[in-house]
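**Q** sequence? don't have it. structure:
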């Protein structure tokens with residue numbers, strides 16, 4: 001197959017009926033334009049242009065070849081222009097995977113606000129705790145909590161999360177405060193994603209680590225409702241600091257076993273490559289970076 005660049009140069013020369021004008025339009029030396037046309041003629045084994053000192057004309061074969069090539073070339077130029085514009089303008093579809101913890105109002109409001117700011121962008125959200133294969137499933141970006149396993153992906157840190165043990169003054173009234181992790185077994189706890197109203201809390205104190213099996217009357221799959229029930233006095237909660245810092249400061253919640261916390265988990269936005277990111281993904285990543293999520297502390 002003939003060199004596509006040589007074909008493009010020939011089509012431009014035929015349109016202008018001049019090597020000089022074509023060279024000027026393509027910002028090439030005239031000698032380069034002439035050479036590329038000669039190379040194309042040699043590749044095809046035909047004479048495409050009849051050159052004289054006064055005029056440049058297409059041969060009959062050159063005319064037929066020009067008619068066949070100009071249409072597809074224009075289509076390629078249009079396709080490249082569309083692709084370039086889409087790279088510059090935030091538009092098109094984004095396929096996103098997020099854990100179930102984000103399938104609640106704060107994140108959904110973030111998505112709603114983002115779409116209102118960029119009405120030409122469409123979003124397909126898959127909410128699951130399963131780790132998706134970004135490449136195989138053709139995802140643009142995933143949000144992940146905790147340790148990252150695939151080093152081939154690009155990770156943009158959004159923040160970190162740590163959880164505190166807290167309870168309301170209403171719940172603690174008349175009850176003995178826990179002074180060691182094992183004491184939590186004697187209390188009612190409000191559980192996040194507990195099974196059969198039981199859960200295992202893994203606690204960290206410097207190099208000390210322990211796991212405590214707790215139970216209680218309520219379990220939920222989102223921290224917003226867990227924090228509400230803790231605040232209303234239904235039991236002790238193990239909440240992200242972002243859910244309880246303000247209430248601790250106001251005295252509406254009390255932090256228990258202050259030397260013990262969860263392990264710190266980093267939160268990342270994961271995407272397949274850092275090269276040639278479409279503008280729709282770039283603006284989404286920037287918005288995500290700026291979002292004040294209740295689930296992690298920003299950097």
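**A** Perfect, thanks for sending it. What you see is a predicted model, and the numbers here were worked out from it, not measured in a lab.

**Q** in this protein, which spans are helices?
**A** Ranges of helices within the chain are 4-16, 19-26, 30-44, 60-88, 105-117, 169-172, 223-231, 241-250, 279-290, based on DSSP state H.

**Q** Residue 93 pairs with what?
**A** Beta-bridge pairing for residue 93 (DSSP bridges): residue 122.

**Q** so it sits right up against residue 123, yeah?
**A** Yes - applying Cβ atoms under 8 Å, one finds residue 93 in contact with residue 123, separated by 7.4 Å. Quick note: C-beta positions are derived from backbone N, CA and C, even for glycine.

**Q** Between these two, which has more neighbouring residues?
**A** In this view residue 93 and residue 123 are compared by other Cβ atoms under 10 Å, and residue 123 has more residues nearby, 16 against 11.

**Q** that older thread, how about the helices of the chain in a markdown table, adding mean pLDDT, distance to residue 270 and mean neighbour count?
**A** Formatted as a markdown table, the helices of the chain follow (pLDDT from 0 to 100; distance: least, Cβ to Cβ, whole Å; neighbours: other Cβ atoms under 10 Å):
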| stretch | mean pLDDT | distance to residue 270 | mean neighbour count |
| --- | --- | --- | --- |
| helix 4-16 | 86 | 36 | 20 |
| helix 19-26 | 86 | 42 | 17 |
| helix 30-44 | 90 | 44 | 17 |
| helix 60-88 | 74 | 21 | 13 |
| helix 105-117 | 94 | 16 | 14 |
| helix 169-172 | 96 | 39 | 15 |
| helix 223-231 | 91 | 22 | 21 |
| helix 241-250 | 91 | 21 | 16 |
| helix 279-290 | 92 | 11 | 16 |
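
**Q** So for residue 217, which of these sits nearest?
**A** Residue 217 sits nearest to helix 223-231 of all the helices of the chain, at 8.7 Å, using Cβ to Cβ.
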